[in-house]
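Next one to model:
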Amino acid sequence: SSNGEIPYDLIPTGNNDTISAKSIELVEGDWRNGGNGDVLLVTGNFIVGSAMTNNPGTNNNMRIVFRGNGNSNYYAEGVLNGTFDILVDKAVAANVTVGGNSQLIGSNGGIVNIISGNLAFDGSGNATLRSSTGPGLIVGANGTLTGPDDDELTFTGSWDVNSAAGWDMQSSTFILDNRSTAANFNQGNRALRFYNFELGSNDLAGWGLLPGTSSDTIWAENDFFVSNSGARMANVHVVVEGDYTSAATSVVLGTKPQKVIFTGGADQVVSLALNTEMDNGVRIDKSAGKVTMNSEVQVNLLELASGNIVTGSNRLNVVGINGITGGSSSSFVDGKLRRSVLLSSWTNGVLFPVGKGSDYRPARLRNVTLTNTWDVEYLASNPKTAFGSSVNSPLDDVSTSGYWTVQAITVLNILGSGNTNVSLSTNGSSYSDA
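Have a look, this model is predicted:
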């Protein structure tokens, strides 16, 4: 048929049968496939308004193949019962557009394989791509996947992305949910860029791509969100240009992000249910804007490259020895910084890169003969208001431009007693002993 409708139950019973058509539209009734390995070869549209059923059985899968040079539409809001594969094997510039709340992959699994051409989503609904076995999604070297604009794409299963530039999530929300722990994810050591990325699964510990090399990266061009309180994230770099929000309360060692990198040119917010989720490390590397903490955050390593992190009423706790790199007038902690200090190893002192607003006002601790945890904060307010103006000799007066609070929180006496020197700077380069 060059362009036909099927208004009745169609029950092909042979094996490896092929039906070729410009377009296939199932208006009413069920497609109840009885054969193994049957193929629907389509150059135009595939539209199913009701259910399609593939009778269960070994290797009993139906394959829907899109070919040709023109664009096609896929619309399947009915349930796909059984095992279904969808292959996109079109001209490189041609689209197969998924509409509405379409289901991709059947209830018993299957594969979406984009060999050549672009699989896109029109954003008219919330499509789902579910697979209990992997890989559920394959993006070939000549294939691309384009997410829905301003809508959601829910995904389960696993993926294998071989296309160097085959992943464009536009302004969609990509939801990874109810994933099989046995599935593997291969992204070819490339950072896949999402827009909004949401982890809804309760277990990501078996995610194959994550425990690999340092090049394994999830990149959220807007917000990164963990919606499940039991979510577990394996070792991976998370790059986020928007807000980082997590409801996870049971993140354990070995399932946390390897490093969370805040980048982009807009203000960002961090909200954590568990303050140790970012334990492994945080990097601030922004072209503009700041990162504001809506909760306590604890890290082993803090990298300050560009942009400030504002703690507000919270505290940033750096527990790793040698745990801070960087720190300058272009990147510092605006608020209370807690840092662990091991003995007195640094000749130039242990740096606390703090400040307020646009003013960088670092402090250094020298001659630390104890193992301490210290809190340091710079406040750009008049100390005479907080402490009064009386001084003892040899001091003459109290500055009105700002002050530091420096406090030893915990002390472990290993080398005996000693005096710790505090040096303060108003310009970030020269220091005066307090």
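
Tell me what the closest residue to I409 other than its chain neighbours is bridged to.
Using Cβ to Cβ, 6 or more residues apart in numbering and skipping residues adjacent in sequence, the residue nearest I409 is T373, 4.4 Å away. Heads up, the C-betas are built off the backbone N, CA and C, glycines and all. When bridges are called by DSSP bridges, T373 pairs up with S340, T410.

May I ask you to confirm that T373 is in contact with R338?
Yes - contact status for T373 versus R338: in contact at 6.3 Å, counting by Cβ atoms under 8 Å.

if we can go back for a sec, so how far is N300 from the residue nearest to I409?
Note on T373: its distance to N300, by Cβ to Cβ, to the nearest Å, is 14 Å.

returning to that earlier point: neighbour count winner among T373 and R338?
Set side by side, T373 and R338 show more neighbours around R338, with 22 against 17, by other Cβ atoms under 10 Å.

quick one, what contacts the more buried one?
R338 makes contact with R315, L316, N317, V318, T373, W374, D375, I409 under the criterion Cβ atoms under 8 Å, 6 or more residues apart in numbering.

Per-residue confidence at the first one, what does it come out as?
So the one you mean is R315. Looking at R315, its pLDDT is 97.

Quick check, it in contact with V354.
No - counting by Cβ under 8 Å, R315 stays clear of V354, with 11.8 Å between them.

Which secondary structure elements does the strand or helix carrying L153 sit against?
Assigned by DSSP states H and E, L153 belongs to strand 152-155. Judged by 3 or more Cβ pairs under 8 Å, 6 or more residues apart in numbering; DSSP states H and E, strand 152-155 is in contact with strand 127-129, strand 173-176.

hmm, try it at 10 Å
Secondary-structure packing of strand 152-155 (3 or more Cβ pairs under 10 Å, 6 or more residues apart in numbering; DSSP states H and E): strand 112-121, strand 127-129, strand 173-176, strand 196-199.

Provide the strand pairings for the shortest one, with the direction of each partner.
Spelled out, it's strand 127-129. Going by DSSP bridges, the partners of strand 127-129 are strand 103-104 (parallel), strand 152-155 (parallel).

Over to the last one?
When sheet partners are counted by DSSP bridges, strand 196-199 sits next to strand 173-176 (parallel), strand 224-226 (parallel).

quick one: which of those has the weakest pLDDT on average?
strand 173-176 - the lowest mean pLDDT of those, at a mean of 77.

my guess is W404 contacts A386, does it?
No - taking Cβ atoms under 10 Å as the definition, W404 is not a contact partner of A386, at 11.9 Å.

next SSE after the strand holding L153?
strand 159-161.

Could you pull up the mean pLDDT of that following strand?
For strand 159-161, mean pLDDT rounds to 71.

Any regions of the stretch 201-350 of the chain where pLDDT drops low?
201-216, 229-235, 250-255, 343-348 (pLDDT under 70).

which residues in it form strands?
Residue ranges of the strands in the stretch 201-350 of the chain, as given by DSSP state E, counting those that start in this stretch, are 217-220, 224-226, 237-240, 244-246, 259-262, 268-272, 282-285, 291-293, 297-299, 302-306, 309-318, 324-326, 333-341, 350-352.

any chance you could map the helices in the stretch 1-150 of the chain?
Applying DSSP state H, counting those that start in this stretch to the stretch 1-150 of the chain gives no helices.

where does it have low pLDDT?
Low-confidence segments of the stretch 1-150 of the chain (pLDDT under 70): 1-19, 25-38, 49-61, 78-79, 81-82, 106-109, 130-135.

cutoff 50 now
Along the stretch 1-150 of the chain, the parts satisfying pLDDT under 50 run over 1-14, 34, 55-59.

list residues touching both of R315 and V354?
V333, G335, K336, L337, E377 (Cβ atoms under 10 Å, 6 or more residues apart in numbering).

are any of those residues buried, and which?
The neighbour count (16 or more other Cβ atoms under 10 Å) marks V333, G335, K336, L337, E377 as buried among the shared contacts of R315 and V354.

Just send the residues you listed back as JSON lines, with distance to Q103 too.
Listed next are those as JSON lines, based on distance: Cβ to Cβ, whole Å:
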{"residue": "V333", "distance to Q103": "48"}
{"residue": "G335", "distance to Q103": "48"}
{"residue": "K336", "distance to Q103": "50"}
{"residue": "L337", "distance to Q103": "50"}
{"residue": "E377", "distance to Q103": "54"}
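
Next one: the residue nearest to T420 when sequence neighbours are not counted, what pLDDT does it get?
Leaving aside its sequence neighbours, T420 sits nearest to V368 (Cβ to Cβ, 6+ apart; 5.1 Å). For V368, the model assigns a pLDDT of 70.

Now for V391: which residues touch it?
Taking Cβ under 10 Å, 6+ apart, we find V391 in contact with D397, V398.
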